[in-house]
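Peer 1: Predicted model and sequence below, questions to follow.
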Amino acid sequence: MKDPLVLLPAMMCDAGVFSYQIRELSRDRAVMSVPVGQGDRIEETASGLLDVLPPRFALCGLSFGGIVAMELLRRAPDRVTRVCLMSCSPLAESPDAAAAREPLIISARMGKMDEAMRGALSPEHLVPGPGRMQVMAQVVQMASGLGPEVFARQSRALQRRRDQQGTMRRCKVPALVVCGEADTLVSPKRHAFLAELMPNAELRVIPGAGHLPTLEQPQATAEALRDWLDAPVVLR
């Protein structure tokens, strides 16, 4: 029996951000997308997830979900059989970035979710082209469904997140780092740094994608995930 795959979505996204990948990968394994808006600290969110996740699982986190995935790996490395980190950095939030979230939290609580989301995820963070605004519209729709309090909790959690470089260096399981070639929020160079921290990591750069490759290049992202899931365990 294959290990179940747990997917952790990006900030203010639900399972819809993985809709194509869930459809493709669930043909031969259990796949679940788990919400990540429960706490105002990454540690709190991860602790709550460990109470409900399977005893052992393959783990994939996208953006905010990737940051939560690192904390799950730090807390319960024996439960994670493989890890995939997409569009995320192991570094703590800088003071300037943390301060910039405050007006976005206010905007969200004032009912201006479109404005808040465009501050957290700019269209410029996605690959240029005709599909950019369609992807933004999908994200804003998911964010509207989750609401301003989830936005505030996730923003606070990002402001307070810890540096996970040590966790990544201790990661012994097969790892995949995925990024879009046009991601200007977390650059390919930063993803290469993340992959270099882990002794058993492969870097996969997705052409024609920015910060949300699961939506921008869904088929290529699903193929990268399947390659990672099907690869034999050969640890260095």
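Peer 2: Perfect, thanks for sending it. Numbers count the residues shown, from 1 in each chain.
Peer 1: and the spatially most central residue of the chain, how far is that from His125?
Peer 2: Compute the mean C-alpha point of the chain, and by C-alpha atoms, centre = their mean the closest residue is Leu62, 1.6 Å away. Applying C-beta to C-beta, to the nearest Å, the value for Leu62 to His125 is 13 Å. No exception for glycine: its C-beta is placed from N, CA and C like everyone else's.
Peer 1: how about the strands in this protein?
Peer 2: 5-8, 31-33, 57-62, 80-86, 175-180, 201-206 (DSSP state E).
Peer 1: Those into JSON lines, with extra columns for mean pLDDT?
Peer 2: Listed next are these as JSON lines, based on pLDDT from 0 to 100:
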{"stretch": "strand 5-8", "mean pLDDT": "98"}
{"stretch": "strand 31-33", "mean pLDDT": "97"}
{"stretch": "strand 57-62", "mean pLDDT": "98"}
{"stretch": "strand 80-86", "mean pLDDT": "97"}
{"stretch": "strand 175-180", "mean pLDDT": "98"}
{"stretch": "strand 201-206", "mean pLDDT": "96"}
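Peer 1: If you count contacts, what does the least confident helix or strand in the chain by mean pLDDT end up packed against?
Peer 2: Counting by mean pLDDT, DSSP states H and E, the chain has its least confident helix or strand at helix 113-120, which shows a mean of 90. When contacts are defined as 3 or more C-beta pairs under 8 Å, 6 or more residues apart in numbering; DSSP states H and E, helix 113-120 sits against helix 95-109, helix 132-146, helix 148-159.
Peer 1: who's in contact with it?
Peer 2: 11-12, 100-101, 103-105, 107-108, 136, 139-140, 143-144, 148, 151, 155 (C-beta atoms under 8 Å, 6 or more residues apart in numbering).
Peer 1: Now with 7 Å, please.
Peer 2: Defining contact as C-beta atoms under 7 Å, 6 or more residues apart in numbering, one finds that helix 113-120 is touched by 11-12, 104, 107-108, 139-140, 143-144, 148, 151.
Peer 1: Most neighbours of all the residues you listed, which one?
Peer 2: Met12 (29 neighbours; other C-beta atoms under 10 Å).
Peer 1: Quickly list the domain ranges of the chain.
Peer 2: The chain breaks down into these domains under automatic domain parsing: 5-93+162-230, 95-155.
Peer 1: weakest of those in terms of mean pLDDT?
Peer 2: Comparing mean pLDDT across the domains of the chain, the lowest value falls on domain 95-155: a mean of 93.
Peer 1: How far away from the center of its chain is it?
Peer 2: Averaging C-alpha positions (C-alpha atoms, centre = their mean, to the nearest Å) puts domain 95-155 15 Å from its chain's average.
Peer 1: Equivalent analysis for stretch 223-234, please.
Peer 2: For stretch 223-234 - counting by C-alpha atoms, centre = their mean - the centre lies 18 Å from the chain centre.
Peer 1: how about that stretch: buried residues?
Peer 2: 224-226, 228-229 (16 or more other C-beta atoms under 10 Å).
Peer 1: follow-up on the earlier one: now the strands of the chain in TSV, with distance to Gly166?
Peer 2: As requested, the strands of the chain are exported to TSV (distance: least, C-beta to C-beta, whole Å):
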stretch	distance to Gly166
strand 5-8	20
strand 31-33	28
strand 57-62	18
strand 80-86	15
strand 175-180	15
strand 201-206	15
